[in-house]
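**Q** got a predicted model here, sequence first, then my questions.
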Amino acid sequence: MWLQILLFLGIVVCSFSTPTPSPALVTRPWRHVDAIKEVLSFLINNPVMENEDVEVEMVSTEFSVKSPTCVQTRLRLFEKGLQGNFTKLGGALNMTASHYKKNCPPTPEDVCATQFTTFEAFIVKLRGFLFDIPFDCWEPIQK
């Protein structure tokens with residue numbers, strides 16, 4: 001009996017002293033969530049002061065979670081249309097696009113009509129899109 005207790009204690013001690021991997025080495029599959037939150041925070045805290053009247057291209061239809069379309073096109077145009085101090089958000093939008101492209105079902109991209117709008121309206125649409133897009137993937141589109 002004492003041998004079993006000694007063996008048990010030895011296992012417990014060894015398991016406590018086992019090295020654990022550094023948290024920095026662990027991959028973080030939810031980095032896109034951090035990126036979306038970072039962009040939203042920046043958009044909320046930084047009003048459009050310059051380039052208000054500059055025309056930028058964006059997808060003309062509203063984004064719908066129930067029937068998502070043009071996700072990659074939207075993110076590409078949002079990244080391309082950034083102006084002034086908003087250009088620093090490009091990397092976060094690019095990373096978000098990569099995440100959705102790699103991990104989520106594709107959305108129809110051939111129905112993406114675009115329009116030109118003011119930069120201020122563009123920023124409002126970007127903010128709305130990032131509030132609406134799910135952190136998880138959406139259901140595949142049924143054809």
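**A** All right, it came through fine. Being a predicted model, the structure only gives us computed values, none of them experimental. Numbering: from 1, shown residues only.
**Q** please make it C-alpha for all contacts and neighbour counts, starting now.
**A** Fine.
**Q** where along the protein do the strands fall?
**A** 55-59, 114-118 (DSSP state E).
**Q** could you dump these to CSV with mean neighbour count and mean pLDDT?
**A** Shown next, in CSV, are the strands of the chain (neighbours: other CA atoms under 10 Å; pLDDT from 0 to 100):
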stretch, mean neighbour count, mean pLDDT
strand 55-59, 20, 96
strand 114-118, 14, 96
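**Q** any regions of the protein where pLDDT drops low?
**A** The model of the chain has pLDDT under 70 over residues 1-29, 141-143.
**Q** in this structure, which spans are helices?
**A** 2-16, 31-45, 71-81, 90-103, 119-132 (DSSP state H).
**Q** what's the most buried one of these?
**A** By mean neighbour count, with neighbours taken as mean count of other CA atoms under 10 Å, helix 71-81 ranks first of these at a mean of 20.
**Q** who's in contact with it?
**A** 56-59, 87, 89-90, 93-94, 97, 101, 107, 109, 112, 119, 122, 126 (CA atoms under 8 Å, 6 or more residues apart in numbering).
**Q** now the strands of the chain in JSON lines, with distance to I133?
**A** Output for these, formatted as JSON lines (distance: least, CA to CA, whole Å):
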{"stretch": "strand 55-59", "distance to I133": "15"}
{"stretch": "strand 114-118", "distance to I133": "19"}
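**Q** what about stretch 64-84, how long is it end to end?
**A** Terminal residues of stretch 64-84 lie 29 Å apart, using CA to CA, to the nearest Å.
**Q** with stretch 37-56 instead?
**A** The first-to-last residue distance of stretch 37-56 comes to 23 Å (CA to CA).
**Q** returning to that earlier point: can you redo the helices of the chain as a markdown table with distance to F63?
**A** Shown next, in a markdown table, are the helices of the chain (distance: least, CA to CA, whole Å):
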| stretch | distance to F63 |
| --- | --- |
| helix 2-16 | 50 |
| helix 31-45 | 16 |
| helix 71-81 | 8 |
| helix 90-103 | 15 |
| helix 119-132 | 6 |
